[in-house]
Each structure stands twice: as structure tokens, then as C-alpha cells.
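Trainee: Here is the input, now give the coordinates:
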Amino acid sequence: MPHTGKDRPSTGRNGRTARTLSSPIHSLEDEIYVLRRKMEMTYLEEASFSADRVIELSRKLDIKINEYMRYKQLCSNG
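Mentor: Now for the predicted structure:
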């Protein structure tokens, strides 16, 4: 039977396994990465920065980036 790789732990960007992604900052980084990729792919499909789907993803990305920046600021102050 061929090996499908399904029994291996999933890895995020930078090759980290899902088990090492438990910290909130890593979670936010990964969410930002995924949203950015979705926005890029949607732009390529729509061929327009002003397409509703691209704008919606851009807004979601902005929210996550702001959340990430607030978290980083809290960590550096405390």
C-alpha cells in the first residue's frame, strides 16, 4: 500500500508542526499568513484589487494584523 503521508503531523509555514503552534502569537502569524495567501489567490482570480471578495479578505487581514500588533505591544510592555 502506498504511503500517503496522512499519518504525519501537519506542518505550517516555516516547517513547524501543529504541536508547536500552541502560542497565541504563532496562531496569529499563521492566520495572517493564510489570509494573505487567500487574498493573493482571490486577487489573481478576480484580476482586481477592488473586487468585493478581495476587499473583504483585506479587511479581515487588517483586523488580524492589528490584533497581532496589539499582542506584540502587550508582550513587550509586560
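Trainee: burial count for Met39?
Mentor: Around Met39 there are 20 other residues, counting by other Cβ atoms under 10 Å. From N, CA and C alone the C-beta is placed, and that goes for glycine too.
Trainee: Not counting its neighbours along the chain, what's nearest it?
Mentor: What sits nearest to Met39 in space, not counting adjacent residues and going by Cβ to Cβ, 6 or more residues apart in numbering, is Leu57, at 4.0 Å.
Trainee: burial of that neighbour, as a residue count?
Mentor: 20.
Trainee: State the distance from it to Thr42.
Mentor: Distance from Leu57 to Thr42, counting by Cβ to Cβ, to the nearest Å: 6 Å.
Trainee: what's the helix or strand harbouring Lys60 packed up against?
Mentor: Assigned by DSSP states H and E, Lys60 belongs to helix 52-77. Secondary-structure packing of helix 52-77 (3 or more Cβ pairs under 8 Å, 6 or more residues apart in numbering; DSSP states H and E): helix 24-46.
Trainee: which ones are touching Ile32?
Mentor: Contacts for Ile32 (Cβ atoms under 8 Å, 6 or more residues apart in numbering) come out as 61, 64-65, 68.
Trainee: Likewise for Lys38?
Mentor: Contacts of Lys38 (Cβ under 8 Å, 6+ apart): Leu57.
Trainee: Quick check: it vs Asp52, distance?
Mentor: Applying Cβ to Cβ to Lys38 and Asp52 gives a distance of 14 Å.
Trainee: To what extent is Pro24 buried, counted in neighbours?
Mentor: By other Cβ under 10 Å, 12 other residues sit near Pro24.
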